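Q: Sharing a model prediction with you, sequence too.
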Amino acid sequence: MFLLFQQPSRFCSNTIYMAACFLLMLPLSANAAEPIKISSRTEISNGDWFPLPVEDMKAAAGDTALSELSSGGIFELVKNRTVDNALTLNVSLIGPAETAKLTIEANIRNQPTYISTASISLRGLDYKGIYDALEHIGLTAAQRMNGKIEALVVAPPVTAAKPVGNVGLENSALRMRYDEAQKLKRNYQYKRARILFEQIAASNANDATQIKALAKDELRYGLTVFEAKQAMVSMGMASGDIKTVNANLTRAENLYRQVLAENRDDLLRTKEAQLALDNLLVSKNAVRVVAKAQSRSSARSVEIMMKQQFFMTFKCPDRAEIDDMSKQMRNEVSLVKIRNKGDGKAYTYRHKQSGEEFSLSCADGDIALIR
């Protein structure tokens with residue numbers, strides 16, 4: 001995939017812009033012929049703060065990151081510690097700020113050390129929320145590392161060219177790449193946009209201080225906020241699908257918590273992230289109310305169907321009969337378990353959309369919801 005711009009032939013025919021044009025015609029990315037064989041280790045730096053057990057924190061942040069790193073096609077994780085290449089993953093926890101940060105350091109033979117990080121606020125989260133947040137920074141830091149290696153090792157960055165006349169060629173080329181990266185971001189191609197921003201930020205062009213600073217800010221803030229806002233839009237578009245709505249809610253919340261942690265020195269951005277998190281909390285509470293209502297409605301439908309079955313057979317329904325009922329309800333619910341309860345049975349169901357569970361009992365000649 002090559003960068004495109006308006007009237008390329010006219011642009012490239014101009015001698016002054018030939019060097020910039022050449023740089024723009026470089027491929028955006030290319031797959032390495034062979035993945036980089038690399039060993040890994042995960043460390044926890046938490047002081048005396050244990051929001052989760054250490055093994056859970058390693059699994060949430062470390063294992064998620066390693067899975068993403070290996071699935072990108074750039075790294076091949078090996079257990080052999082004698083290989084020349086090594087990844088170090090450090091999960092650092094800052095108790096007073098209730099913040100978690102994952103730092104990935106890649107030491108690759110004949111290359112400088114590459115570092116990627118992702119931070120997130122854990123304030124006010126329960127066990128599941130903290131686990132999800134740690135998974136988020138694992139995924140994000142790994143995606144940033146994959147993008148960095150693809151941008152700087154697989155597809156080399158834009159380098160400084162000798163200026164012709166008084167025109168700053170480096171600045172022209174970088175500005176065109178910056179505009180292309182913005183287009184990719186707005187088309188939701190976040191990975192490709194990140195690669196271009198990484199290349200611009202790493203450029204050694206001397207006359208492009210501003211454009212390089214803008215690219216670095218996109219990597220720290222712009223990309224994250226855009227993706228968070230898009231997750232909120234997707235949440236609204238999937239209003240009838242509680243499961244998808246919850247997934248987008250969690251995604252948007254974690255992205256704004258990331259903005260909060262990575263831009264805590266910026267008052268306006270902190271205020272923006274806090275306001276977004278407040279709005280997301282309101283949405284989450286509203287979705288929870290809707291989910292409970294849907295679950296209660298399904299529970300009543302199951303209760304009626306089980307009563308009909310019971311009065312036809314005068315015995316508690318078995319699993320096969322329950323499966324038939326689920327099909328009649330278009331599989332809105334699934335049977336989690338059946339357990340004996342005195343002389344009768346208890347049935348636990350899960351509403352598939354909301355994840356809410358409810359139970360019914362079959363005893364004393366009746367079927368009833370367990371309140």
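A: On my side now, so go ahead.
Q: Every contact and neighbour count from this point should use C-alpha atoms.
A: Will do.
Q: Could you give the bridge partners of I104?
A: Listed beta-bridge partners, I104: L89, S116 (assigned using DSSP bridges).
Q: That one contacts S92, doesn't it?
A: No: I104 is beyond contact range of S92, at 11.2 Å (criterion: Cα atoms under 8 Å).
Q: so T348, which of the three states?
A: Classification of T348 using DSSP: H, G, I helix; E, B strand; the rest coil returns strand.
Q: F358 should be in a strand, yeah?
A: Yes: using three-state DSSP, the assignment for F358 is a strand.
Q: Next one: it relative to S334, how far apart?
A: Note on F358: its distance to S334, by Cα to Cα, to the nearest Å, is 11 Å.
Q: which residues do the two both contact?
A: Y349, R350 (Cα atoms under 8 Å, 6 or more residues apart in numbering).
Q: What sits closest to the most far-flung residue of the chain relative to its centre if chain neighbours are left out?
A: Within the chain, the residue lying farthest from the chain centre (Cα atoms, centre = their mean) is F314, at 51.0 Å. In space, and not counting its chain neighbours, F314 is closest to G365: 7.7 Å by Cα to Cα, 6 or more residues apart in numbering.
Q: And the one you found, its phi and psi?
A: Per-residue torsions, G365: phi 70, psi 20 (degrees, to the nearest 10).
Q: low-scoring pLDDT stretches of the stretch 251-371 of the chain, where are they?
A: 331, 371 (pLDDT under 70).
Q: Tell me how many other residues crowd the residue nearest to A363 when sequence neighbours are not counted.
A: Distances taken as Cα to Cα, 6+ apart place G344 nearest to A363, at 4.6 Å, with adjacent residues excluded. Residues lying near G344 (other Cα atoms under 10 Å) number 16.
Q: Hmm, C362 and G344 touching each other?
A: Yes: contact criterion Cα under 8 Å: G344 and C362 qualify, at 5.4 Å.
Q: which residues are in contact with both of those two?
A: Taking Cα under 8 Å, 6+ apart as the contact rule, G344 and C362 both touch C316.
Q: Okay, N279 and D126: tell me how far apart.
A: From N279 to D126 the distance is 19 Å (Cα to Cα).
Q: try E135
A: Counting by Cα to Cα - E135 and D126 are separated by 14 Å.
Q: try M329
A: In terms of Cα to Cα, M329 sits 34 Å off from D126.
Q: How about E321?
A: 38 Å.
Q: again, but for Y221
A: Distance from Y221 to D126, by Cα to Cα: 26 Å.
Q: one step back: for the residue nearest to A363, list the residues it contacts.
A: Contacts for G344 were tallied using Cα under 8 Å, 6+ apart; they are C316, S361, C362, A363, D364.
Q: next one: phi and psi at it?
A: The phi/psi pair for G344 (degrees, to the nearest 10) reads phi -120, psi -150.
Q: what does L267 give?
A: phi -60, psi -40.
Q: cool, and L369?
A: Backbone torsions for L369, taken as degrees, to the nearest 10, come to phi -70, psi 140.
Q: Identify the residues contacting it.
A: Applying Cα under 8 Å, 6+ apart, the residues near L369 are A299, E303, F358, S359, L360, S361.
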